[in-house]
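> Here is a sequence with its predicted model. Questions after.
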Amino acid sequence: MVSRSVTESIVLGGGCFWCLDAGYRLINGVTEVVSGYAGGHTNDPNYYSVAMTETGHAEVVRVTFDTSIISLSDILDIFWAMHNPTTVNYQGNDRGTEYRSIILYESEQQKQV
């Protein structure tokens, strides 16, 4: 029997979204990575308004992955390896609330993982 492909997505923020984006694109089983913003108080954030700390948003990526190839647990292990969640509001040279750590799960099952 052929296993059926099932995709899930999770939104992750851990510093500059370009760094997370580039890292996840290299992972077997990741089918899509989209950079954007989450966790703020405006409807249409853009790079400049977020960088000026006007919106409250964090830089994030939505990682979509094939669960028959990679698990959410593995996706999160990679997340922890790519950034340091103990450095509040910065990663490397990037400083500001937009670089904070954030995980936005899409189901109760993801929350448990």
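Received it, and whenever you're ready, just let me know what you need.
> where along this structure do the strands fall?
7-14, 30-38, 58-66, 90-91, 94-95, 101-104 (DSSP state E).
> Identify the residues contacting stretch 70-79?
8, 10, 12, 14, 20, 23-24, 27-30, 63, 65, 103, 110, 113 (Cβ atoms under 8 Å, 6 or more residues apart in numbering). All C-beta atoms are positioned from the backbone trio N, CA, C, and that covers glycine.
> what's the burial count for the nearest residue to residue 11 once chain neighbours are set aside?
Using Cβ to Cβ, 6 or more residues apart in numbering and skipping the chain neighbours, the partner closest in space to residue 11 is residue 104 (3.9 Å). When counting by other Cβ atoms under 10 Å, one arrives at 15 neighbours for residue 104.
> just residue 58 next, same as before
27.
> residues contacting it?
Shown in contact with residue 58 (Cβ under 8 Å, 6+ apart): 13, 37-40, 97-100, 102.
> Please apply the same query to residue 11.
Neighbours of residue 11 in contact, by Cβ under 8 Å, 6+ apart: 38, 60-63, 102-104, 106.
> Select the longest helix from this protein.
helix 72-82 (DSSP state H).
> Just the mean pLDDT for stretch 12-29, thanks.
Taken as a whole, stretch 12-29 has a mean pLDDT of 94.
> cool, stretch 40-59 as well?
Predicted confidence along stretch 40-59 averages 91 (mean pLDDT).
> Any idea how far apart the tips of it sit?
10 Å (Cα to Cα, to the nearest Å).
> Next, the buried residues of it.
40, 45, 50, 55, 57-59 (16 or more other Cβ atoms under 10 Å).
> Over to stretch 73-84?
Buried residues in stretch 73-84, counted by 16+ other Cβ under 10 Å: 75-76, 78-79, 82-83.
> Ok, stretch 4-22 next?
For stretch 4-22, by 16+ other Cβ under 10 Å, it's 8-17, 19-21.
> Format these as CSV; extra columns: distance to residue 87.
Formatted as CSV, the buried residues of stretch 4-22 follow (distance: Cβ to Cβ, whole Å):
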residue, distance to residue 87
8, 28
9, 26
10, 21
11, 20
12, 16
13, 13
14, 10
15, 9
16, 13
17, 16
19, 14
20, 15
21, 19
